[in-house]
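Asker: Here is a sequence together with a model predicted from it:
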Amino acid sequence: MGFMDRIFGRYGSQEAVDAVLEKRGPRDRKDDPRPWDNQTSISIVGESRYQPALVAFCDRKGDDEVRIEEASADMVCEPENAYDKHAVRIDLGGRKVGYLARGSARMYHRRVAKLGGQVTVPAFVGCQKGGKIGVRLNIPHGHPVLVPLNKQG
């Protein structure tokens, strides 16, 4: 299990990780559910530039560990962005905290624009003690932003 897996709680406890690593063969989701099943997980970029906004959002004291599993993030189209006309900004609590990576932004920009230019999605915010705060969007399957453009009304 890597550092980011521990930060974003992909496997849970170390015992759960060891059990997953020992288990071989295909997994039956009914018998072996995982927290990330039935969702699309997207990391964002640029959080290091927005640490003051993330610290304020989390109300982090000093170098404490942070773990907010049920945050709400806004995906906001930013067509006036000087670097990428397909940019999708990520806001937490009204504060800019990063962007979708260029490849993800190209896919989601039109979907978010079609839904009004801003969409709220679930997110995880966290870091280990002394680390930089990171953000991951955890969009449940069936969320309107995941519906392909040709199937949107």
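Answerer: Done, it's in. Since the structure is predicted, the reported quantities are computational estimates derived from the model, not experimental observations.

Asker: Would you mind extracting the C-alpha trace of stretch 90-98 into CSV?
Answerer: Taking Å, rounded to 0.1, in the frame of the first residue of the first chain, the C-alpha atoms of stretch 90-98 are listed here in CSV:
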residue,chain,number,x,y,z
ILE,A,90,-12.1,23.1,-7.7
ASP,A,91,-13.5,25.1,-4.8
LEU,A,92,-14.0,24.0,-1.2
GLY,A,93,-16.1,26.3,1.0
GLY,A,94,-15.9,29.1,-1.6
ARG,A,95,-12.1,28.9,-1.8
LYS,A,96,-10.1,27.9,-4.8
VAL,A,97,-8.0,24.8,-3.9
GLY,A,98,-6.8,23.5,-7.3
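
Asker: Check the model's average confidence along it for me.
Answerer: Average pLDDT, stretch 90-98: 96.

Asker: Use 16 as the first number for this chain going forward.
Answerer: With the count now opening at 16, the last piece we talked about shows up as stretch 105-113.

Asker: how distant is the longest helix that the chain contains from the center of its chain?
Answerer: Longest among the helix segments of the chain by residue count, using DSSP state H, is helix 117-129. Centre-to-centre, helix 117-129 and its host chain are 15 Å apart (C-alpha atoms, centre = their mean, to the nearest Å).

Asker: pLDDT (mean, whole number) over stretch 144-161?
Answerer: 90.

Asker: Run the chain-centre distance for that stretch.
Answerer: For stretch 144-161, the distance to the chain centre is 2 Å (C-alpha atoms, centre = their mean).

Asker: Quick check: buried residues in it?
Answerer: Buried residues in stretch 144-161, defined by neighbour count with 16 or more other C-beta atoms under 10 Å: Ile148, Gly149, Val150, Arg151, Leu152, Asn153, Ile154, Val160. For glycine as for every other residue, the C-beta is placed from the backbone atoms N, C-alpha and C.
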